[in-house]
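S.K.: The following block contains a protein sequence and its predicted model.
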Amino acid sequence: MFAEADSIPRAKYGNMMHSDPNLSSSTPTNQTEEEYGVRNSSASAVGTGMYDRMSCEGSPMMMSPWNQANPFAQTQWSSVEENLPQNGLIGSLVREEGHIYSLAATKDLLYTGSDSKNIRVWKNLKEFSAFKCNSGLVKAIVISGEKIFTGHQDGKIRVWKVSPKNLSLHKRSGTLPTLKDIFKASLKPRNYVEVKKNRTALWIKHADAISCLSLNDEQGLLYSASWDRTIKVWRISDSKCLESIPAHDDAVNSVVSTTEAIVFSGSADGTVKAWKREQKGKYTKHTLMQTLTKQESAVTALAVSKNGAAVYFGSSDGLVNFWEREKQLNYGGVLKGHKLAVLCLEVAGSLVFSGSADKTICVWKRDANIHTCLSVLTGHTGPVKCLAVEADREVSENKDKKWIVYSGSLDKSVKVWGVSESFIDMNQIGMMHQQQQQHVISHSEPFMSEGSVSSSTGGASSHRRQQ
């Protein structure tokens, strides 16, 4: 066990973002689009077992019990502090245990999930605890009080509790759906629905991998999105499945619940949908309000601003589109900063963070309906699969709003960044401008939508994309 510190250790420097000197940018990754862990087709939903999976996911070698790491063995992660001037990288957590698929941050703890099936807990860049699930790659992690919910490749949600006497001790308290509910539902034929051709399953169970989890703490609800094309709604208090929404025509890659009884979902079928939640006695009823977009590219990530004023969605074509809400949702524009698929999105304060298969993280600042790229965080040598953001509790001298950003990658590392809302890295923006002049998205000239700013052009365009 490592010694604990009172705060994340880092040098006093500015927020210029440059490449991580500890990782060679020439490290081969050789990942194709099919290895990014985001479903772009419905192979498993209608096929015969030839699933579109992440590299090595579910392979005999990876599934072998001889290849599973012990979560309590000496960790192979190493904490590395970079004390270079003018660098926003606070530290790196590097290991050889597995690709990082999921992150969750709460207070001073960071939870990481990978294809090693271990869930590790980190405090101030040092290992604090670890616990292991018996099966299922960890695709998603969300935290509600003392409960941790993890979504897995095997279609199950596992529930863990933190011991109040020992915060480093985590015990599994259940699985969704519960065995009791599965048994009760199996007694009634009407509870079986068709999930594939000539195959039925209980409606309370996911029939494919869970891709995303979203909490609504105010209502005590948990939403789970799956490659089986459905979204399921769970009541946290008693672990009951309240509803199964046949949401999309292909894998659901993302779901976000808001405080205003609206739920957004994004899918490999190229659509983003808005659902209205209503309470029907003990159960919920979600009705489709609006289909925000229908495009050829798969929707791979979703994020909603805290006040619900903006909805962002990333796509396999490398674009981040956004919708604005006043009285109703209207298309706002497009953010163009990536060369490959956008795999994750986070919104914090006036900032939007987008992680991509191109190994970079773009930091966008929103001012009214104008977005400006402040920085491009580089250093990962594999696709950036997940992000988590927390407010920096250290107050700067000029009282500038700062954030701690965690990024998990398929290069088997987690990086920790310090980001300011007011800093603009002109060096990185210049590099991005140069790169994007040589790269054409979708074999056509890049376009900008009204109300948005491209980091490659530095100005707004009057062209609105046709939806």
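M.R.: That came through, no problem.

S.K.: now the helices for the chain?
M.R.: 43-46, 60-63, 179-186, 426-437 (DSSP state H).

S.K.: weakest of these in terms of mean pLDDT?
M.R.: Comparing mean pLDDT across these, the weakest is helix 60-63, with a mean of 35.

S.K.: Quick one: end-to-end length of stretch 156-165, please.
M.R.: End-to-end distance of stretch 156-165 (C-alpha to C-alpha, to the nearest Å): 28 Å.

S.K.: Ok, stretch 169-187 next?
M.R.: End-to-end distance of stretch 169-187 (C-alpha to C-alpha): 37 Å.

S.K.: hmm, who's touching it?
M.R.: By C-beta atoms under 8 Å, 6 or more residues apart in numbering, the residues outside stretch 169-187 that reach it are 119, 121, 129, 131, 133, 147-149, 156-163, 191, 202-205, 222, 224, 234, 239-241. In short, each C-beta sits where N, CA and C put it, glycine included.

S.K.: for that stretch, which positions count as buried?
M.R.: Under the neighbour-count criterion of 16 or more other C-beta atoms under 10 Å, stretch 169-187 has 170, 176-178, 181, 185 buried.

S.K.: and if you look at stretch 348-362?
M.R.: Residues of stretch 348-362 classed as buried by neighbour count (16+ other C-beta under 10 Å): 348, 351-362.

S.K.: Run through this structure and note the low-pLDDT ranges.
M.R.: Within the chain, the segments meeting pLDDT under 70 span 1-87, 96, 136, 395-399, 424-467.

S.K.: switch the cut-off to 50
M.R.: 1-35, 42-87, 439-467 (pLDDT under 50).

S.K.: just checking, D317 touches H338?
M.R.: No - using C-beta atoms under 8 Å, D317 makes no contact with H338, being 9.0 Å away.

S.K.: and those two? which has more neighbours close in?
M.R.: H338 (29 against 17; other C-beta atoms under 10 Å).

S.K.: how much space is there between that one and S114?
M.R.: According to C-beta to C-beta, to the nearest Å, H338 and S114 sit 23 Å apart.

S.K.: what does R235 give?
M.R.: The value you get for R235 to S114, if C-beta to C-beta is used, is 29 Å.

S.K.: ok, those two, which is more surrounded?
M.R.: Neighbours were counted for R235 and for S114 using other C-beta under 10 Å; S114 has more, 23 against 17.

S.K.: Find the nearest non-adjacent residue to the more buried one, please.
M.R.: Excluding its sequence neighbours, the residue lying closest to S114 (C-beta to C-beta, 6 or more residues apart in numbering) is G98, at 3.7 Å.

S.K.: Next, count neighbours for the one you found.
M.R.: Considering only other C-beta under 10 Å, G98 is surrounded by 21 other residues.

S.K.: Return the residues in contact with it.
M.R.: Under the criterion of C-beta under 8 Å, 6+ apart, the neighbours of G98 are 69, 114-116, 118, 412.

S.K.: Which PyMOL command selects the buried ones in these?
M.R.: Here is the PyMOL command that selects the buried residues among these (16+ other C-beta under 10 Å):
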select buried, resi 69+114+115+116+118+412
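
S.K.: ok, of the contacts of G98, which one's closest to I210?
M.R.: Of all the contacts of G98, D115 has the smallest distance to I210: 14.1 Å, by C-beta to C-beta.

S.K.: okay but K402 is in contact with W417, surely?
M.R.: No - counting by C-beta under 8 Å, K402 sits too far from W417 to count as a contact (10.3 Å).

S.K.: For those two, indicate the residue with more neighbours.
M.R.: Neighbour count, other C-beta under 10 Å: between K402 and W417, W417 has more, with 24 against 20.

S.K.: for that one, which residues make a bridge with it?
M.R.: Beta bridges link W417 to L89, V405, judged by DSSP bridges.

S.K.: Equivalent analysis for L109, please.
M.R.: Going by DSSP bridges, L109 forms beta bridges with T106, K123.

S.K.: which of the buried residues of stretch 169-187 lies closest to L89?
M.R.: When the buried residues of stretch 169-187 are ranked by distance to L89 (C-beta to C-beta), H170 comes first, at 28.9 Å.

S.K.: Report how many residues lie close to the residue nearest to the closest one when sequence neighbours are not counted.
M.R.: Spatial nearest neighbour of H170, chain neighbours left out: F131 (4.3 Å); criterion: C-beta to C-beta, 6+ apart. Look at F131: counted by other C-beta under 10 Å, it has 20 neighbours.

S.K.: Stretch 252-269: how far from the chain's middle?
M.R.: Stretch 252-269 has its C-alpha centroid displaced from the chain centroid by 12 Å (C-alpha atoms, centre = their mean, to the nearest Å).

S.K.: Start and end of it, how far apart?
M.R.: 8 Å.

S.K.: for stretch 106-124, same thing?
M.R.: The first residue of stretch 106-124 is 12 Å away from its last residue (C-alpha to C-alpha).

S.K.: ok, and for that stretch, which residues are buried?
M.R.: For stretch 106-124, by 16+ other C-beta under 10 Å, it's 108-124.

S.K.: before we move on, back to that, for the buried residues of stretch 169-187, which one is nearest A140?
M.R.: Distance to A140, by C-beta to C-beta, is smallest for L176 among the buried residues of stretch 169-187, at 12.5 Å.

S.K.: And for the residue nearest to the closest one when sequence neighbours are not counted, the neighbour number?
M.R.: Once flanking residues are discounted, L176 sits nearest to I157: 3.9 Å by C-beta to C-beta, 6+ apart. Per other C-beta under 10 Å, the neighbour tally for I157 reads 24.

S.K.: so who does I157 touch?
M.R.: Per C-beta under 8 Å, 6+ apart, neighbours of I157: 149-151, 175-176, 210, 213, 222, 224, 234.

S.K.: And the residues you listed, which of them are buried?
M.R.: Buried members of those, scored by 16+ other C-beta under 10 Å, are 149-151, 176, 210, 213, 222, 224, 234.

S.K.: Make TSV out of those and add distance to S305.
M.R.: Formatted as TSV, the buried ones among the contacts of I157 follow (distance: C-beta to C-beta, whole Å):
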residue	distance to S305
F149	23
T150	26
G151	24
L176	28
I210	25
L213	19
L222	21
S224	23
W234	25
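
S.K.: Which of those fall within strands?
M.R.: 149-151, 176, 210, 213, 222, 224, 234 (DSSP state E).

S.K.: Go through the residues you listed and name the one nearest I90.
M.R.: Of those, the one sitting nearest to I90 (C-beta to C-beta) turns out to be T150, at 25.7 Å.

S.K.: quick one: the closest one and S135 touch, right?
M.R.: No - assessed by C-beta under 8 Å, T150 is found out of contact with S135, at 11.7 Å.

S.K.: Which residue is the nearest non-sequential neighbour of W364?
M.R.: In this structure, W364 finds its nearest non-sequential neighbour in V352, 4.2 Å apart by C-beta to C-beta, 6+ apart.
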